[in-house]
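Colleague: Next input, structure requested:
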Amino acid sequence: MSYNADEDQIKDKLQQLRCHFTWELIIEETEIPDLENRVLEEIMFLDIKYNVGIYNLLAYVKHLKGQNEEALKSLQKAEDLTQPEQANQSEVRSLVTWGNYAWLYYHMGQQAKAQIYLDKVKNTCRNLGKSSSYRMECPQMDCEEGWALLKCGGKNYEQAKVCFEKALEEDPENPEFITGYAIVIYRLEGFNKGPQSGTEFCLNLLKQAVRLNPNDAYIKALLGLKLQDVEQEAEGEKYIKEALTNESSKIYVFRYAAKFYRRKGVLDEALRLSKLALAETPFSAFQHHQTGLCYKSQIIQIKKTTNCQPKGQDKENINRMVLLALQHFKRAVQLKPTFEYAYTSLAEMYAEAGEHRKADDTFQKAFCLKSLNKDMLQHIHFHYGRFLELHKKSEVDAISHYLKAIKIESTSIDRDKSINYLTKLASKKLRKNPSDIESLSILGLIHKVKGEMNEALEYYERALRLAPDLENSAVTPRH
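Modeller: This next block holds a predicted model:
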C-alpha cells in the first residue's frame, strides 16, 4: 500500500476520535495567549477533582502555538493524573488523551506513533463493547467535550450547553454534569442567551449544583451572584461569605466576591478583594477589567455624593481613579484583544478623562472586532450612543445608534435603556416641534417594539399625514 493510502487511512481513523482536535473548538488566533493564561490559572488556582481535561486542553493550546514538544509534556501529565481515577472515568479520559496523542503525532509526521495510540483507543472501545472502533458515545465523554468547549470562551457556550444536556439525559443527578451545565447556563444568561425559562431556571440549577457539591466554593460564589441578580442580596451574601471561608479555589472566589460587593456598593471591600485576586493572576484580562470597574464605581459614587460637582480632594480622587481605571482597561485589551466589554469600558473612561478622540477610536475598534455577535453589537451601539449624546453633544448621531441597538431583536438591559433614552430624545424634539416627522416615526417604532400597536399606529398615522411619502422611511413599519 502506498504512503498516501496509509496516510488517508490514518486520517480517516483520526477523524472518528472524540478529542480536542475533533471537537471544533472556536478559538481565534488572537485569543490563544489569553486562553493559555486562563488554563494555567486553573491548573494553579482552581480546585477541581479531575485535572486531566485541563492538561489535555493545555496540550491542544500548545499545539496551536506550534509548541508540539510542550504539548506532549502536557499529555504526559494528563496521562499521569488519569491513573488514580475511577475505572469508567479513567477509561473515558484516557480515550481523550490518547486521541490527542494520535493527532499530535500525526501533525508531527510520526505516523507509527499515531497508530500506536489509535490502537489503544480501538482496543479500549472494543473491550467496552462499543460498535465503533474509534469513537466512544457515553455521558462522560459528552461531559468532557462540554468542559473543553466551556473553557474556550463565549462562542463555544451554546455547543457546550448541548453536550451537558446530552450527558444529563443519561445521568440527571451526576454532580459533575450538573456543575458544568449550571456554569454554562449562568454564562449564557450573562450574554442574554439563556433558555426561555430564564433566571429561575439558572438559579435552580446553581442551587442543585451546590447541593450536589457542598464543598465547591466556586459554584457557591456563582450562586451568590445569581441571587444578587434576582434581588435576593442578603441570601446571596451568605453564600459569598461561606465561599470566602473555604480555602477551595480561593482566587476565583475573590474574583466573584469582588464583583458581588462592587454591585452592592461596598467598594472598598470590592477593590480589596479584586486586588488580592489580581496579585495572584497579573495576566488575567478578566481581573484587570473587574479592577477597572471597581475604580469606575468609585468615580460614580463620588459624583453622586457631590451632585456631579466634585471639588478639592474629591476632584483629585476622581482624576486619580480615572488614571487607574484606564491603566487596567488598557491592560485588559492588551491581554485579550477580543475582549468586547473591555473596549467599551476603556472608551467610556477615555471620555471621562476628556480624551474624546481616543474614546471614539476605541469604540470604532470595538465595532471592527470579528468576534462580535448581535448581543455584543447591541451593547456597543447603546454605549456609543451615550457617548455621542453626553460627550459629543450630538443627539442626531446618538439617535442613530440607539435605533441600531433597538433593531437588534435581543431582549437586554442595553436594549431597554436604548428605548428609554431614545424616547426621551424623540419626545424632547417633538415638544419643540410637534410636526417633527422623524420623532413621530421613532415614537411609533418604539411603541411597536414594545408591542403597543395601537399607540404605534397613532404615531405613524400622524407622521403619514405630515408626509405621505414616509412609507419609504427606514423607521416605518414594513408590510
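Colleague: all contacts plus neighbour counts: C-alpha atoms, from now on.
Modeller: Fine.
Colleague: So which elements touch the helix or strand hosting residue 119?
Modeller: Taking DSSP states H and E as the criterion, residue 119 maps to helix 111-127. In this structure, helix 111-127 makes packing contacts with helix 3-16, helix 87-107, judged by 3 or more CA pairs under 8 Å, 6 or more residues apart in numbering; DSSP states H and E.
Colleague: Show me which positions of the helix or strand just after the first one end up buried.
Modeller: Okay, so that is helix 3-16. Next in sequence after helix 3-16, counting helices and strands by DSSP H and E, comes helix 32-45. Across helix 32-45, burial judged by 16 or more other CA atoms under 10 Å covers 32, 33, 34, 35, 36, 37, 38, 39, 40, 41, 42, 45.
Colleague: who's in contact with the closest residue to the fourth one other than its chain neighbours?
Modeller: Beyond its immediate neighbours in the sequence, the residue positioned closest to residue 35 (CA to CA, 6 or more residues apart in numbering) is residue 152, lying 6.8 Å away. With contact taken as CA atoms under 8 Å, 6 or more residues apart in numbering, residue 152 is in contact with 25, 26, 27, 35.
Colleague: Then residue 348?
Modeller: The contact partners of residue 348, taken as CA under 8 Å, 6+ apart, are 359, 387.
Colleague: hey, C-alpha coordinates of the host helix or strand of it in PDB?
Modeller: In this structure, residue 348 sits in helix 340-352 according to DSSP H and E. In PDB, the C-alpha atoms belonging to helix 340-352 read as follows (Å, rounded to 0.1, in the frame of the first residue of the first chain):
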ATOM      1  CA  GLU A 340     -15.500  43.400  23.800                       C
ATOM      2  CA  TYR A 341     -16.700  44.600  27.200                       C
ATOM      3  CA  ALA A 342     -13.200  45.900  28.000                       C
ATOM      4  CA  TYR A 343     -13.200  48.100  24.800                       C
ATOM      5  CA  THR A 344     -16.500  49.800  25.800                       C
ATOM      6  CA  SER A 345     -15.200  50.300  29.400                       C
ATOM      7  CA  LEU A 346     -11.900  51.800  28.000                       C
ATOM      8  CA  ALA A 347     -13.800  54.100  25.600                       C
ATOM      9  CA  GLU A 348     -16.000  55.400  28.300                       C
ATOM     10  CA  MET A 349     -13.100  56.000  30.600                       C
ATOM     11  CA  TYR A 350     -11.300  57.900  27.900                       C
ATOM     12  CA  ALA A 351     -14.500  60.000  27.600                       C
ATOM     13  CA  GLU A 352     -14.400  60.600  31.400                       C
END
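Colleague: on that earlier part again, buried ones in the helix holding residue 119, by neighbour count?
Modeller: By neighbour count with 16+ other CA under 10 Å, helix 111-127 contains the buried residues 111, 113, 114, 115, 117, 118, 119, 120, 121, 122, 124, 125.
Colleague: Stretch 202-212 now?
Modeller: Within stretch 202-212, the residues that qualify as buried are 202, 203, 205, 206, 207, 208, 209, 210, 212, counting by 16+ other CA under 10 Å.
Colleague: now the buried residues of helix 111-127 in a markdown table, with pLDDT?
Modeller: Conversion of the buried residues of helix 111-127 to a markdown table gives the following (pLDDT from 0 to 100):
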| residue | pLDDT |
| --- | --- |
| 111 | 94 |
| 113 | 96 |
| 114 | 96 |
| 115 | 95 |
| 117 | 96 |
| 118 | 95 |
| 119 | 93 |
| 120 | 93 |
| 121 | 94 |
| 122 | 92 |
| 124 | 89 |
| 125 | 88 |
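Colleague: Where does the prediction get shaky in the stretch 1-150 of the chain?
Modeller: In the predicted model of the stretch 1-150 of the chain, residues 1-6, 50, 83-89, 130-132 satisfy pLDDT under 70.
Colleague: Kindly provide the distance from residue 318 to residue 308.
Modeller: According to CA to CA, to the nearest Å, residue 318 stands 11 Å off from residue 308.
Colleague: rewinding a little: tell me the one among the contacts of residue 152 nearest to residue 103.
Modeller: Ranking the contacts of residue 152 by separation from residue 103, with CA to CA as the measure, puts residue 25 on top at 14.9 Å.
Colleague: Who's the closest spatial neighbour of the closest one, skipping the chain neighbours?
Modeller: Excluding its sequence neighbours, the residue lying closest to residue 25 (CA to CA, 6+ apart) is residue 149, at 6.1 Å.
Colleague: Check residue 337 too.
Modeller: With sequence-adjacent residues excluded and distances taken as CA to CA, 6+ apart, residue 337 is closest to residue 30, at 6.5 Å.
Colleague: residues contacting the one you found?
Modeller: 336, 337, 338.
Colleague: Using the three-state scheme, assign the last one.
Modeller: Put simply, residue 338 is coil when judged by DSSP: H, G, I helix; E, B strand; the rest coil.
Colleague: residues near it, how many?
Modeller: Counted by other CA atoms under 10 Å, the residues lying close to residue 338 total 20.
Colleague: Next: the first one.
Modeller: The local packing count at residue 336 equals 21, with neighbours defined by other CA under 10 Å.
Colleague: pretty sure it is touching residue 29, no?
Modeller: No. Between residue 336 and residue 29 there is no contact, the gap being 10.8 Å when judged by CA atoms under 8 Å.
Colleague: contacting residues for residue 141?
Modeller: With CA under 8 Å, 6+ apart as the criterion, the residues that contact residue 141 are 18, 92, 93.
Colleague: Let's have those residues in a markdown table, adding neighbour count and distance to residue 326.
Modeller: Supplementary listing: the contacts of residue 141 in a markdown table, determined by neighbours: other CA atoms under 10 Å; distance: CA to CA, whole Å:
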| residue | neighbour count | distance to residue 326 |
| --- | --- | --- |
| 18 | 24 | 43 |
| 92 | 23 | 46 |
| 93 | 25 | 43 |
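Colleague: Just name the closest of these to residue 190, please.
Modeller: Within the contacts of residue 141, proximity to residue 190 (CA to CA) peaks at residue 18, which comes in at 29.2 Å.
Colleague: surely the closest one meets residue 97?
Modeller: No. Under the criterion of CA under 8 Å, residue 18 lies out of contact with residue 97, with a separation of 9.7 Å.
Colleague: give the contact list for residue 362.
Modeller: Taking CA under 8 Å, 6+ apart, we find residue 362 in contact with 343, 344, 346, 347.
Colleague: how about the strands in the stretch 51-200 of the chain?
Modeller: Listed in chain order, the strands found in the stretch 51-200 of the chain under DSSP state E, counting those that start in this stretch amount to none.
Colleague: how about the helices in the stretch 51-200 of the chain?
Modeller: Secondary structure of the stretch 51-200 of the chain, counting by DSSP state H, counting those that start in this stretch: helices at 52-64, 68-82, 87-107, 111-127, 139-151, 157-170, 175-190, 198-212.
Colleague: For the longest one, which helices and strands make contact with it?
Modeller: In other words, helix 87-107. Applying 3+ CA pairs under 8 Å, 6+ apart, one finds that helix 87-107 makes contact with helix 3-16, helix 52-64, helix 68-82, helix 111-127, helix 139-151.
Colleague: could the ones you listed go into JSON lines alongside distance to residue 382?
Modeller: Written out in JSON lines, the entries for the helices and strands packed on helix 87-107 read as follows (distance: least, CA to CA, whole Å):
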{"stretch": "helix 3-16", "distance to residue 382": "44"}
{"stretch": "helix 52-64", "distance to residue 382": "35"}
{"stretch": "helix 68-82", "distance to residue 382": "43"}
{"stretch": "helix 111-127", "distance to residue 382": "51"}
{"stretch": "helix 139-151", "distance to residue 382": "28"}
